[in-house]
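For reference, the sequence and a predicted model appear below.
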Amino acid sequence: MIHSVLGEGVTALCCATALSDRDLDVEVIVPAGAPEPASWFAGGMLAPFCEGESAPELIVAKGRASVNWWAAHVSGVVRHGTLVVAPPRDVSELARFARATREHDWVSPGDLEPDLAGRFARGLFFSSEAHLDPRLALASLRSRLESRGVSFRTGAPRGRIVDCRGLAAREDLADLRGVRGEMLIVHAPDVTLTRPVRLLHPRFPCYIVPRENGRYMIGATMVESARRGGVTARAAMELLSAAYTLHPGFAEAEILELGAGLRPSFPDNIPAIRHAMDRIHVNGMYRHGFLMAPVCAEQLATELAELYAHAD
């Protein structure tokens, strides 16, 4: 039986990969005219323990497997951990973050990132976390699938349908909502960071993720809104202000891109696999797409492989 995976974002490509890994027949149906998936605007942080600050334990426990999954399927996974800092006026936020999370050490930020020396007295270091460039990772998954003979096409699905369309599946998933996230990509040659850095703030915390050739992704707002469109002036100013607080070299950075995506989310903000009459939905990644898509994909592929094994 062929498996038609609907979508072109991280959930769809992870599901197609996990199914293909089990030698199941797969094709990917790319929705015609669909906007860029939310994963196009992602930070690419594989940070289960940092996410534990606000996410349930399930996300932390299951998300830990994603680092090895990505490293086994794409190149470019950087295992330098995550550094969390806060300005002097917000050190209480750092203590709160430490109480809400685990698997971290107190460090002097300048020891890990010399560019931050003298700017922050203390920080939290999550050594087991990692990051990747989302767009390169998605392209790598697609190339890997195509090399195996998996077709990417538009048109009607067939066989068993695995629906990974994100918010486009709202007509079938009444409780799915959009959470808007805005981000910037800048070129900052005066800044050198080797790992994601989270800057804590009571109102607008941000993270800065290094990419190749002096580029950095600065993100990301979280707005309970399904409005599409460009980045707001307020979001851009807050993100740039936070980046400047981290390092003044960002003041001279060149803005390469501003983008906004809509994260598909269920009421509990936990991804889910849902079985409907004519399809299987894998959706609701919220802000955990690159962390939880491999987990859900492996769960689905295992369930289907066992189903077929029992049917033989």
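Thanks, I have it. Residues are numbered from 1 along each chain as shown.

what does stretch 302-309 contact?
Contacts to stretch 302-309, defined as CB atoms under 8 Å, 6 or more residues apart in numbering, come from residues 3, 19, 22, 24, 160, 273. Using the backbone N, CA and C atoms, a C-beta is placed for each residue, glycine as well.

Would you list the buried entries among the residues you listed?
3, 19, 24, 160, 273 (16 or more other CB atoms under 10 Å).

wait, the second one sits on residue 3?
Right, residue 19. Yes - the pair residue 19 and residue 3 qualifies as a contact (CB atoms under 8 Å) at a distance of 5.4 Å.

what do those two both touch?
For the pair residue 19 and residue 3, residues contacting each of them under the criterion CB under 8 Å, 6+ apart are 26, 162, 304.

between the residues you listed, which has the most around it?
Among these, residue 162 has the most neighbours (other CB atoms under 10 Å), with 28 neighbours.

so which strand or helix has that residue?
Per DSSP states H and E, residue 162 falls inside strand 160-163.

what does residue 282 give?
When the helices and strands are read off by DSSP H and E, the one containing residue 282 is strand 279-283.

That strand - what's its average pLDDT?
pLDDT averaged over strand 279-283 equals 98, rounded to a whole number.

List the single closest residue to residue 157 in space, sequence neighbours excluded.
residue 4 (3.4 Å; CB to CB, 6 or more residues apart in numbering).

and the helix or strand harbouring that neighbour with strand 279-283, angle?
Following DSSP H and E, the helix or strand that holds residue 4 is strand 2-6. In this structure, strand 2-6 runs at an angle of 40 degrees to strand 279-283, with axes from the mean of the first three to the mean of the last three CA atoms, to 10 degrees as the basis.

Helices along the chain, start to end?
10-21, 48-51, 57-63, 66-73, 91-100, 109-112, 134-147, 233-246, 289-311 (DSSP state H).

among the ones you listed, which is the most enclosed?
Ranked by mean neighbour count under mean count of other CB atoms under 10 Å, the helices of the chain are led by helix 10-21, which reaches a mean of 27.

could you say what helices and strands it packs with?
Contact partners of helix 10-21 among helices and strands, from 3 or more CB pairs under 8 Å, 6 or more residues apart in numbering; DSSP states H and E: strand 2-6, strand 25-29, helix 134-147, strand 160-163, strand 279-283, helix 289-311.

what residues does it touch?
The contact list for helix 10-21 (CB under 8 Å, 6+ apart) reads 3, 5-6, 26, 28, 37, 39, 42, 73, 134, 137-138, 141-142, 144-145, 148, 150, 162, 164-166, 282-283, 285, 289-290, 293-294, 296-298, 300-301, 304.
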